[in-house]
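S.K.: Pasting a predicted model and its sequence here:
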Amino acid sequence: MSEYNTTNYAEKYEGEVDERFKLSSLTDSAINNNFSFDGVNSINIYSVETSELNDYKRNGTSRYGTPKELGSALQKMTLTQDKAFTLEVRTKS
């Protein structure tokens, strides 16, 4: 018998360890769910433009690349069709 008490956390605390490191939603923190789109047929989506990836230069004044003005883009999405579907789950009797 060993003089040390050992615990296999993967076995003893399997549920807690698994849930602790489970990947959570990547969008939940960025989305506000307090919206109502009733009566709306289009939305505007604003986004920030990206910059090109450059090689880092160890000398000079533009070591990260040539700076450019930060811009934004507007994307308007309009609903052009109303689609729907339905399903039923039936059990065999």
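M.R.: Done, it's in.
S.K.: Quick check, Ser42 in contact with Thr80.
M.R.: No. Using C-beta atoms under 8 Å, Ser42 makes no contact with Thr80, being 9.5 Å away. The C-beta positions use only the backbone N, C-alpha and C, and glycine is treated the same way.
S.K.: May I have the phi/psi pair for Ser29?
M.R.: Taking degrees, to the nearest 10, you get phi -70, psi -20 for the backbone angles of Ser29.
S.K.: same check, this time on Phe37
M.R.: Dihedral pair for Phe37: phi -100, psi 20, per degrees, to the nearest 10.
S.K.: ok, and what's touching the strand or helix carrying Lys76?
M.R.: Using DSSP states H and E, Lys76 sits within strand 72-78. The contact list for strand 72-78 (C-beta atoms under 8 Å, 6 or more residues apart in numbering) reads 41-49.
S.K.: how close does the closest residue to Val48 other than its chain neighbours get to Ser42?
M.R.: Of all residues not flanking Val48 in the chain, Ser72 sits nearest, at 5.7 Å (C-beta to C-beta, 6 or more residues apart in numbering). Distance of Ser72 to Ser42, computed by C-beta to C-beta, to the nearest Å: 18 Å.
S.K.: cool, Asp82 as well?
M.R.: According to C-beta to C-beta, Asp82 stands 14 Å off from Ser42.
S.K.: Out of the two, name the residue with the larger neighbour count.
M.R.: More crowded of Asp82 and Ser42, by other C-beta atoms under 10 Å: Ser42, with 10 against 6.
S.K.: Can you report phi and psi for the more buried one?
M.R.: Here is the backbone geometry of Ser42 (degrees, to the nearest 10): phi -150, psi 150.
S.K.: Could you measure from it over to Leu53?
M.R.: Separation of Ser42 from Leu53 (C-beta to C-beta): 34 Å.
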